[in-house]
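Colleague: return atomic coordinates for the entry below.
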Amino acid sequence: QVQLVESGGGLVQPGGSLRLSCAASGRTTSSYPMGWFRQAPGKERLFIAGIRWSSHTYYVDSMKGRFTISRDSTKNTVYLQMDSLKPEDTAVYYCASGPPRTLGASATTPGWWDAWGQGTLVTVSS
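Modeller: Down below sits the predicted model:
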């Protein structure tokens, strides 16, 4: 059984940075796609980025530049570095793990993924 535990959320001022972590158990993060989504109140869950193996990453265009996904295989952990944060980045951020398939445009839909963390809240406010 796959378990994903996010951490690193909190309150940050506009322009600041945060790094979210997702610790996985029951599945090797390097072999399976791992991804990050976010969901603002009253909004749908939106894909941010995915990673598989050590260098295959996929981002939605709107998230490129300020968000960076990475992994540490020795810790079976995936990270999301978020820079130049804006108030509109306020949301619950979710980690996801998917079946061993190639990352691509279809991975931007929540149904593509088969395991989810509980989410971590990020609030960007002065």
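
Colleague: from the centroid of the chain, which residue is nearest?
Modeller: Trp36 (1.9 Å; C-alpha atoms, centre = their mean).

Colleague: wait, isn't Thr57 in contact with Ala49?
Modeller: Yes - at 6.4 Å, Thr57 and Ala49 qualify as touching, with contact defined as C-beta atoms under 8 Å. Every residue, glycine included, has its C-beta placed from N, CA and C.

Colleague: who has more neighbours, those two?
Modeller: More neighbours surround Ala49 than the other of Thr57 and Ala49, with 23 against 16 (other C-beta atoms under 10 Å).

Colleague: who does the more buried one bridge with?
Modeller: Beta bridges link Ala49 to Trp36, Tyr59, judged by DSSP bridges.

Colleague: re earlier: joint contacts of Thr57 and Ala49?
Modeller: Ile69 (C-beta atoms under 8 Å, 6 or more residues apart in numbering).

Colleague: list the buried residues of the host helix or strand of Arg38.
Modeller: Using DSSP states H and E, Arg38 maps to strand 34-39. Neighbour counts over strand 34-39 (16 or more other C-beta atoms under 10 Å) mark 34-38 as buried.

Colleague: reformat those residues as a markdown table; add distance to Gly15.
Modeller: Below are the buried residues of strand 34-39 laid out as a markdown table (distance: C-beta to C-beta, whole Å):
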| residue | distance to Gly15 |
| --- | --- |
| Met34 | 27 |
| Gly35 | 26 |
| Trp36 | 21 |
| Phe37 | 23 |
| Arg38 | 18 |
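
Colleague: picking up where we left off before, run through who's touching the strand holding Arg38.
Modeller: So strand 34-39 is contacted by 20, 22, 24, 45-52, 67, 69, 71, 78, 80, 89, 91-98, 107, 110, 113, 119, 122 (C-beta under 8 Å, 6+ apart).

Colleague: okay, and the beta partners of Ser70?
Modeller: Applying DSSP bridges, one finds that Ser70 bridges with Tyr79.

Colleague: can you verify my assumption that it contacts Ser55?
Modeller: No - using C-beta under 8 Å, Ser70 makes no contact with Ser55, being 9.9 Å away.
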